[in-house]
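K.L.:
build me a structure from this.
(one chain, ligands or ions: 1)
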Amino acid sequence: MNFKYFLPTNIFFGQDCIVKNAETFDKSGKKAVIVTGKKSARLNGSEKDVRAALDSRGIPFVLFNEVESNPSIETVRKAAELSRNENADFVIGIGGGSPLDAAKAIAVLINNDVNDDELFSGKYLNPVAPVIAVPTTAGTGSEVTPYAILTDKKIENKKNLSTPLIFPAAAFLDAKYTESLPLNVTVNTAIDLMSHSVEGYLASRANSMSRMYSIESLNVFGECIPALTGKAELNIKIREKLLYASMMAGIVIAHTGTTVVHAMGYPLTYFRKIEHGRANGLLMHEYLKFISSMHPDKVKILIHELGLADIKEFGNLMDMLLGEKEILSRDEIEKFSSVALQAGSISNTDPVPKIDDIKKIFTSSFPG
Ligand SMILES: [Fe+2]
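P.N.:
Predicted coordinates for the structure are as follows:
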């Protein structure tokens, strides 16, 4: 057996975990920049709890609430400039994957005046500012990963900033912040967490530790399927399970990385504005068929951990979760396949797909 395992994030999970552990903020710095999207952190109560915790510890803060979905490099530069001008020395990201990923990149840029290539290099002259992550969706697992996915308009795609330096110092997971999410957002983000666990389990870089987290995550996700398909109540207990499964899946990809599904999903999001989790979900069934040709036993294990009988039943579940599917033109399939092939995560897929495999997965996933 041979593996590395590294998770430096201090995890706090459970109801009111932010206010109950407010002293954690003391260790991070003297002034915070809170990084969020426009509204949701205010509406779901997470921003209020963070403000209360900071106030209770006498820590001043400045707010940057302009993070868009799939945040751009320009946005994180703007937030870093504000942070520097305000002398903020640590970053609190509140939200879904977008504000959390933005927070990590901002933490790099606060102390490092670097160009885009240097930003993505993962090597910096000055220390990266501490990041505290408060997820308000259950899907990305960004609170426990060393990744920040940013939109790079120059290459017309998403780009992955990956360095252990941006692992959050602490993560606060309280499922009450996810209670107000509409069903479609809950389903899409849940599909993202499932794809992290599945891709991570099947990745070249998987190891016995990461597989353990995949299995636990898929088991828990399986328990949530009736609520996600509308056959059971989507209550706070299920919300908590999804948040827990998402964190587990984040720990998986922190060690294994993602694979061809994410590589193919990014152009769907960039060019067709298909939400990230949904983009993955649209590809999952055909991806599993592709992997199954080489590793049928591994795929069977995953399907059974989800509580399903076989790949066909998995396909039926995805159809139910996704509803009516988008249509891709032949030109789009050609273009998106070329884009996907360039992604670093392709080589992390086992077997490594060729361009024709990628085209086939696209074509079979988007019939018509
Ligand atoms: Fe993802």
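
K.L.:
residues contacting Val198?
P.N.:
Residues counted as contacts of Val198 (C-beta atoms under 8 Å, 6 or more residues apart in numbering) are Ser214, Leu218, Val261, Met284, Leu288, Leu302. (Each C-beta comes from the backbone N, C-alpha and C, glycine too.)

K.L.:
Asn87 too?
P.N.:
Lys31.

K.L.:
which of the contacts of Val198 sits closest to Asn160?
P.N.:
Nearest to Asn160 among these: Val261, at 14.1 Å, using C-beta to C-beta.

K.L.:
what about the closest one, neighbour count?
P.N.:
27 (other C-beta atoms under 10 Å).

K.L.:
my guess is it is in a helix, correct?
P.N.:
Yes. Assigned with DSSP: H, G, I helix; E, B strand; the rest coil, Val261 falls within a helix.

K.L.:
returning to that earlier point: I'd like the contacts of Val198 as TSV, with distance to Pro182, secondary structure and pLDDT appended.
P.N.:
Putting the contacts of Val198 into TSV (distance: C-beta to C-beta, whole Å; DSSP: H, G, I helix; E, B strand; the rest coil; pLDDT from 0 to 100) gives the following:
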residue	distance to Pro182	secondary structure	pLDDT
Ser214	28	helix	98
Leu218	24	helix	98
Val261	24	helix	98
Met284	22	helix	98
Leu288	28	helix	98
Leu302	28	helix	97
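
K.L.:
can I get the residues you listed in JSON lines including distance to Ile274?
P.N.:
Putting those into JSON lines (distance: C-beta to C-beta, whole Å) gives the following:
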{"residue": "Ser214", "distance to Ile274": "25"}
{"residue": "Leu218", "distance to Ile274": "23"}
{"residue": "Val261", "distance to Ile274": "13"}
{"residue": "Met284", "distance to Ile274": "13"}
{"residue": "Leu288", "distance to Ile274": "19"}
{"residue": "Leu302", "distance to Ile274": "24"}
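
K.L.:
got the buried residues for stretch 9-23?
P.N.:
Under the neighbour-count criterion of 16 or more other C-beta atoms under 10 Å, stretch 9-23 has Thr9, Ile11, Phe12, Cys17, Ile18, Ala22 buried.

K.L.:
what segments of the stretch 1-150 of the chain are strands?
P.N.:
Shown for the stretch 1-150 of the chain, the strands assigned by DSSP state E, counting those that start in this stretch span residues 10-13, 32-35, 61-64, 90-95, 131-135, 147-152.

K.L.:
mind putting those strands in TSV, distance to Gly250 and mean pLDDT included?
P.N.:
Formatted as TSV, those follow (distance: least, C-beta to C-beta, whole Å; pLDDT from 0 to 100):
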stretch	distance to Gly250	mean pLDDT
strand 10-13	10	98
strand 32-35	18	98
strand 61-64	23	98
strand 90-95	14	98
strand 131-135	9	98
strand 147-152	9	94
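
K.L.:
and the residue nearest the centre of the protein?
P.N.:
Thr140 (2.2 Å; C-alpha atoms, centre = their mean).

K.L.:
contacts only, for it.
P.N.:
Applying C-beta under 8 Å, 6+ apart, the residues contacting Thr140 are Gly96, Gly97, Leu100, Asp101, Thr189, Asp192, Leu193, Ser246, Gly250, His276.

K.L.:
could you do Phe61 as well?
P.N.:
Lys31, Ala32, Val33, Ile34, Arg51, Leu54, Ala88, Ile92.

K.L.:
how much space separates Gly122 from Ile73?
P.N.:
15 Å (C-beta to C-beta, to the nearest Å).

K.L.:
oh, that last question was meant for Lys312, not what I typed.
P.N.:
42 Å.

K.L.:
same check, this time on Ile253
P.N.:
22 Å.

K.L.:
for those two, indicate the residue with more neighbours.
P.N.:
Neighbour totals were compared for Ile253 and Ile73, and Ile253 leads with 30 against 20 (other C-beta under 10 Å).

K.L.:
which SS class is the more buried one?
P.N.:
Assignment for Ile253 (three-state DSSP): helix.

K.L.:
my guess is Ala133 contacts Ala148, does it?
P.N.:
No. Ala133 sits out of contact with Ala148 when judged by C-beta atoms under 8 Å, with a separation of 11.1 Å.

K.L.:
more neighbours, the two?
P.N.:
Ala133 (31 against 28).
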